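Enquirer: dropping a prediction and its sequence here:
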Amino acid sequence: MQISMEKVDAYEPDRGLKGKLRRRLIRLAHRRPAKVRLERPMVSFSFDDAPATACEAGAKVLEARGLRGTYYFAAGLTGREGPMGRFATGEDAARLHAAGHEIACHTFSHLDCGQSSRDQTLADVDRNGAALASWGTGVPVSFAYPYGDVASPAKTALAGRFKTLRALHHGLIADGADLNQAPAVGIEGEDGEAVALDWLDKAHARKAWLILYTHDVALEPSPWGCTTGALERLVDGAILAGFDVVTVAEGARRIGL
């Protein structure tokens, strides 16, 4: 997404051949393999960009079941209007934090980490960290690359700074998964719920950790969001199947990070 003074516009990262090759190669480099031994499968429900609906309807779904989620905030988006509706504010983040949800880092400007330099990445992340600190939400230990995109300068700059650095390629956090570019599965689009259910089955079979993500949560969501009903069904299904539903920070703690 591109940030202007008035609104946030949709943005598409590099989808050309060069970008595709870079995304394939970076997953092989600068890795931090996970060591995972779980007695029960885990799942985390996370919300990228923190649209207001995710902080309201999404939080209600989890809280009604005694659960909490992870919200990846890009402070430069807060309070603005965008393709997913209005983005939440620092006050919303403080309320979520007080309720026990995790407030995580998503850069300040929703930076394309596939194009940014090391210095640009660090400066933007530092700026976001300062904003989150001013909201009273603590020091973030979880990070997600905007657009799921990253190149070597950003991946090496952030390696070791956060317990997990999450991307968007599908997969499970099991033995050998790269914690510097951790996989996740989106609950978005017409088949988002079905795709998420399939990956829940895979995580259950392997006693692995699955991170699910979406953006807005509404009766009529954007193409990047999910319906309230879909989120409810996925959460209830995970509980019924015996998953431990944890924040990303708690999941990291349980695998020894």
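Expert: Done, it's in.
Enquirer: the closest residue to His170 other than its chain neighbours pairs with what?
Expert: In space, not counting the residues next to it along the chain, His170 is nearest to Val185; the distance is 5.3 Å by CB to CB, 6 or more residues apart in numbering. In this view, the C-beta of every residue, glycine as well, is placed from N, C-alpha and C. Beta-bridge partners for Val185, by DSSP bridges, are Leu212.
Enquirer: what's the pLDDT at Val185?
Expert: pLDDT, Val185: 98.
Enquirer: that one contacts Leu212, doesn't it?
Expert: Yes: with contact defined as CB atoms under 8 Å, Val185 reaches Leu212; the gap is 5.5 Å.
Enquirer: which residues do the two both contact?
Expert: Common neighbours of Val185 and Leu212 (criterion: CB atoms under 8 Å, 6 or more residues apart in numbering): Ala196, Trp199.
Enquirer: centre of the chain to the helix with the most length in the chain, how far?
Expert: Secondary structure of the chain per DSSP state H: the longest helix is helix 118-135. The chain centre lies 17 Å from the centre of helix 118-135; the measure is CA atoms, centre = their mean, to the nearest Å.
Enquirer: give the buried residues for stretch 194-202.
Expert: By neighbour count with 16 or more other CB atoms under 10 Å, stretch 194-202 contains the buried residues Val195, Ala196, Leu197, Trp199, Leu200, Lys202.
Enquirer: to clarify, my last question referred to stretch 88-101.
Expert: Buried residues in stretch 88-101, counted by 16+ other CB under 10 Å: Ala88, Thr89, Gly90, Asp92, Ala93, Ala94, Arg95, Leu96, His97, His101.
Enquirer: restricted to helices, list the buried residues of stretch 194-202.
Expert: Here DSSP H is the test, and those give Val195, Ala196, Leu197, Trp199, Leu200, Lys202 as lying in helices.
Enquirer: excluding its backbone neighbours, what's nearest the second one?
Expert: To tie it back to what came earlier, the one meant is Ala196. Nearest to Ala196 is Ile187, by CB to CB, 6+ apart, at 4.9 Å.
Enquirer: what's the local residue count around that neighbour?
Expert: 27 (other CB atoms under 10 Å).
Enquirer: need the contact list for it.
Expert: Going by CB under 8 Å, 6+ apart, Ile187 touches Glu193, Val195, Ala196, Leu212, Tyr213, Thr214, Cys226, Ala230, Leu231, Leu234.
Enquirer: how about it, phi and psi?
Expert: When read as degrees, to the nearest 10, the backbone of Ile187 gives phi -100, psi 80.
Enquirer: can you map out the helices along the stretch 1-150 of the chain?
Expert: For the stretch 1-150 of the chain, the helices defined by DSSP state H, counting those that start in this stretch cover 17-26, 52-53, 59-63, 90-98, 118-135.
Enquirer: return the most buried member of the ones you listed.
Expert: Most buried of the helices of the stretch 1-150 of the chain, by mean neighbour count (mean count of other CB atoms under 10 Å): helix 52-53, with a mean of 22.
Enquirer: thinking again about what came up before, measure the residue nearest to Ala196 to Leu210 for me?
Expert: Distance, Ile187 to Leu210, by CB to CB, to the nearest Å: 11 Å.
Enquirer: cool, and Ala249?
Expert: Computed with CB to CB, the distance linking Ala249 and Leu210 is 16 Å.
Enquirer: hang on, the earlier thing: show me the contact partners of the longest helix of the chain.
Expert: For helix 118-135, the surrounding residues in contact (CB under 8 Å, 6+ apart) are 73-76, 90-91, 93-94, 97, 103, 105-109, 111, 113, 116, 138-140, 143, 153-154, 156-158, 161.
Enquirer: looking only at pLDDT, what's the mean for it?
Expert: Here the average pLDDT along helix 118-135 is 97.
Enquirer: quick one: that helix to helix 90-98, angle?
Expert: Orientation check (axes from the mean of the first three to the mean of the last three CA atoms, to 10 degrees): helix 118-135 against helix 90-98 gives 80 degrees.
Enquirer: picking up where we left off before, for Arg27, state which of the buried residues of stretch 88-101 is nearest.
Expert: Distances from Arg27 to the buried residues of stretch 88-101, taken as CB to CB, are shortest for His101 (29.1 Å).
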